[in-house]
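In: Okay, structure incoming, though there's no sequence with it:
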């Protein structure tokens with residue numbers, strides 16, 4: 001493993017499941033999200049939903065929880081269910097991270113305001129082992145000198161990095 005210290009964030013955990021190349025770009029400060037229409041729409045939904053809640057709670061300079069409601073209930077706001085597995089693992093990572101800080105018995109909720117639905121997320125048996133393996137994989141990916149190669153997927157056409165990868 002390389003010497004570089006890597007803080008694995010929730011976004012990095014999400015990108016691990018979405019696209020390893022996107023993960024590498026993001027972690028290596030190549031960020032194109034600010035001009036992407038889909039990202040801007042998602043950001044607008046995030047900023048205009050649940051406005052009565054205290055928002056964007058940064059913990060330990062590493063994880064950024066959209067909001068906390070009730071006692072030990074963390075929320076992550078998403079535009080759609082298109083990459084739901086990635087969102088689930090992002091929230092599981094938050095639960096794992098909080099547990100490592102001594103904050104246990106926390107429930108995660110993924111909120112889909114446009115769909116008016118939500119999904120409860122909990123750490124299941126073996127999730128912690130899987131998360132620790134994913135963290136090692138993320139560190140390996142982001143400390144490589146160049147991005148991994150990837151195959152074009154259905155979601156690529158809406159990605160902020162599409163032109164960088166395929167044009």
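Out: Cool, the structure landed. Just so we're clear, the structure is a prediction, and the values are computed from it rather than from any experiment. Numbering: from 1, shown residues only.
In: Following the chain onward from the lowest-mean-pLDDT helix or strand in the chain, which element is next?
Out: Scoring the helices and strands of the chain by mean pLDDT, DSSP states H and E places helix 37-48 at the bottom, with a mean of 62. Per DSSP states H and E, the first helix or strand lying C-terminal to helix 37-48 is strand 55-59.
In: same for that following strand, what does it pack against?
Out: When contacts are defined as 3 or more C-beta pairs under 8 Å, 6 or more residues apart in numbering; DSSP states H and E, strand 55-59 sits against strand 63-68. (Each C-beta comes from the backbone N, C-alpha and C, glycine too.)
In: what does the strand it packs on contact?
Out: Strand 63-68 is contacted by residues 9-11, 46, 50, 53-59, 74-77, 93-94, 97-98, 111 when judged by C-beta atoms under 8 Å, 6 or more residues apart in numbering.
In: same check, this time on stretch 103-111
Out: So stretch 103-111 is contacted by 49-50, 66, 69, 72-78, 84, 87-88, 91-92, 94-95, 98-99, 118-122 (C-beta under 8 Å, 6+ apart).
In: go on, stretch 114-126?
Out: 45, 79-81, 84, 88, 91-92, 95-96, 99, 107-112.
In: Tell me where the model's unsure across this structure.
Out: Scanning the chain for pLDDT under 70 picks out 1-4, 33-53, 167.
In: Tell me which residues of stretch 123-134 come out buried.
Out: Under the neighbour-count criterion of 16 or more other C-beta atoms under 10 Å, stretch 123-134 has 123, 127, 131, 134 buried.
In: so how far is that stretch off the chain centroid?
Out: The chain centroid and the centroid of stretch 123-134 are separated by 16 Å under C-alpha atoms, centre = their mean, to the nearest Å.
In: Stretch 136-156 now?
Out: On the basis of C-alpha atoms, centre = their mean, stretch 136-156 is displaced by 15 Å from the centre of the chain it belongs to.
In: Going through the contacts of stretch 114-126, which ones are buried?
Out: 45, 79, 88, 91-92, 95-96, 107-112.
In: Relative to residue 5, which of those is nearest.
Out: Distance to residue 5 across the buried ones among the contacts of stretch 114-126 (C-beta to C-beta) is lowest for residue 96, with 19.0 Å.
In: wait, doesn't that closest one sit right on residue 133?
Out: No. Counting by C-beta atoms under 8 Å, residue 96 sits too far from residue 133 to count as a contact (11.9 Å).
In: circling back to that earlier point, in helices, which of the contacts of stretch 114-126 fall?
Out: Among the contacts of stretch 114-126, the ones falling in helices (DSSP state H) are 45, 84, 88, 91, 92, 95, 96, 99.
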